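K.L.:
Have a look at this prediction, sequence included:
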Amino acid sequence: MLYALLCYNSEETVFAWSKAEDEAVMARLGAVQDKLSAQGKLGPALRLMPTTTATTLRKSDPPMVVDGPYAETKEQLLGFYILDLANLDEALDVARELGLANPGGAYEVRPLLLYAPGVLSPEQLLAAAG
């Protein structure tokens, strides 16, 4: 089954890390990603740019485009992983492992349903990422 691991943290904290701190976190995350990739479980893994670069389309009448994220929160969605895992327990194990590599924040684990079945199978999605 495909799972999304959504990575939340404080932008203010994460983007204040020194280059060395950021590289150390990314190296620890890279070790987990390498393991998942070798197991054929890692799909796309993306780090989002800061919310200050976001643009939101509000579905009003008429639709309105505004700068920034839709909602202000203490933690922002900073990235995500797409993983092909056996079950929720395995997804939670991966989230725990990533959590050890990355200080602060939270991981939301959410099962995925393909929006357009037949366009890309889970196998093709993972192969395209690797």
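P.N.:
Thanks, I have it.
K.L.:
Would you point out which residue is most central in this protein?
P.N.:
Central residue of the chain (CA atoms, centre = their mean): Phe80, 0.7 Å from the mean position.
K.L.:
Low-confidence stretches in the protein?
P.N.:
For the chain, residues meeting the criterion pLDDT under 70 lie at 68-73, 114-122, 125-130.
K.L.:
Can you list the buried residues in stretch 88-99?
P.N.:
Ala91, Val94, Ala95, Glu97, Leu98, Gly99 (16 or more other CB atoms under 10 Å). The way it works is simple: take the backbone N, C-alpha and C, and place the C-beta from them, glycine included.
K.L.:
Return the distance of the third one relative to Pro50.
P.N.:
With distances taken as CB to CB, to the nearest Å, Ala95 is found 23 Å from Pro50.
K.L.:
what do you get for the fourth one?
P.N.:
Relative to Pro50, Glu97 is positioned 26 Å away (CB to CB).
K.L.:
so where do the helices sit in this protein?
P.N.:
11-14, 19-38, 88-101, 122-129 (DSSP state H).
K.L.:
Tabulate those (TSV), appending distance to Met64.
P.N.:
Output for the helices of the chain, formatted as TSV (distance: least, CB to CB, whole Å):
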stretch	distance to Met64
helix 11-14	24
helix 19-38	35
helix 88-101	35
helix 122-129	33
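K.L.:
mind checking which of these is nearest Thr55?
P.N.:
With respect to Thr55, and counting by CB to CB, the nearest of these is helix 11-14 at 16.2 Å.
K.L.:
Enumerate every residue touching Leu92.
P.N.:
Val109 (CB atoms under 8 Å, 6 or more residues apart in numbering).
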